[in-house]
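Peer 1: Sequence and computational prediction follow.
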Amino acid sequence: MSQAQEIADIALMMRVRKGEADAFEALHERYQRRMLNFFYGMSRDASIADELCQETFLRVWQARRRYRATGSFPAYLFGIARMVWREHCRRQSRDWMLRERAFTGENAEPRVAARLAPDYVAVCGEVESHILAALQQLPEEQRMVFVMRTIRGLSLADIASAMDCPVNTVRSRKILGVKRLRHLLDALFHRHEDRILEEDRQR
């Protein structure tokens, strides 16, 4: 994120602090997709992602008078998102992965999807499904760092601020998460290849 963007975000949030709804709407429009993607990366459930995204922005509005411009706005926002996610997990009396769903590609831009061959779209969806399945097997802190850094592109400093831990801890979790993902994906794709070979033999 550019310095100009950071300054603009903080200026908007300072206006939100005064209760200006149009400034809040501007920040919501700018960061809603990022929040949805973050929560989807954590939960792999579109309905949960939408619910927690709305809850996060509601918290931002409710806590607006306590806002202090002591860091970047993304770090502030993802810090709230992290708390919302933790509270969501505590509310669950069962494993939050019960609603596993395969990625169908329905979230892709329609104009792009229309130009792609159906078999290509199916393959891409299956690959992403494998990646998301592996991501769910990471410890929560490693998964959160991976989603914030790799999927949302936050800096290590912003992630450290959002997660209230040292930058070196964030760096270590990222390295461990990537190593674990590589191992999991290798196993997943080998199982997938074995299944395809078995299906071919049965035809």
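Peer 2: Structure received. Numbering: from 1, shown residues only.
Peer 1: Check which helix or strand the residue nearest in space to the middle of the chain maps to.
Peer 2: Against the mean C-alpha coordinate of the chain, by CA atoms, centre = their mean, the closest residue is Phe38 at 1.8 Å. Using DSSP states H and E, the element containing Phe38 is helix 21-43.
Peer 1: who does that helix touch, helix- and strand-wise?
Peer 2: Applying 3 or more CB pairs under 8 Å, 6 or more residues apart in numbering; DSSP states H and E, we find helix 21-43 packed against helix 3-17, helix 46-62, helix 73-91, helix 140-146. All C-beta atoms are positioned from the backbone trio N, CA, C, and that covers glycine.
Peer 1: What residues sit buried inside the first one?
Peer 2: Meaning helix 3-17. Glu6, Asp9, Ile10, Leu12, Met13, Arg15, Val16, Arg17 (16 or more other CB atoms under 10 Å).
Peer 1: which one of those residues is nearest Arg86?
Peer 2: The closest of these to Arg86 turns out to be Met13 (CB to CB; 22.5 Å).
Peer 1: Does that closest one touch Ala69 like I think?
Peer 2: Yes - taking CB atoms under 8 Å as the definition, Met13 is a contact partner of Ala69 at 7.1 Å.
Peer 1: how does the chain divide up, domain by domain?
Peer 2: Domain assignment for the chain by automatic domain parsing gives 1-94, 117-203.
Peer 1: Any idea which of those has the lowest pLDDT on average?
Peer 2: Comparing mean pLDDT over those, the weakest stretch is domain 117-203, at a mean of 74.
Peer 1: where's Ser155 relative to Val170, distance?
Peer 2: According to CB to CB, to the nearest Å, Ser155 stands 10 Å off from Val170.
Peer 1: Give me the more crowded residue out of the two.
Peer 2: Val170 (25 against 16; other CB atoms under 10 Å).
Peer 1: Could you say which helix or strand holds that one?
Peer 2: Counting by DSSP H and E, Val170 is found in helix 167-202.
Peer 1: Near the nearest residue to Gly19 once chain neighbours are set aside, how many residues? Count them for me, please.
Peer 2: Of all residues not flanking Gly19 in the chain, Arg64 sits nearest, at 7.1 Å (CB to CB, 6 or more residues apart in numbering). Counted with other CB under 10 Å, the neighbours of Arg64 add up to 18.
Peer 1: Arg64 reaches Ala23, doesn't it?
Peer 2: No - applying CB under 8 Å as the test, Arg64 and Ala23 come out as separate, 9.7 Å apart.
Peer 1: and for these two, which residues touch both?
Peer 2: Taking CB atoms under 8 Å, 6 or more residues apart in numbering as the criterion, Arg64 and Ala23 both touch Met13, Val16.
Peer 1: Understood, closing this out.
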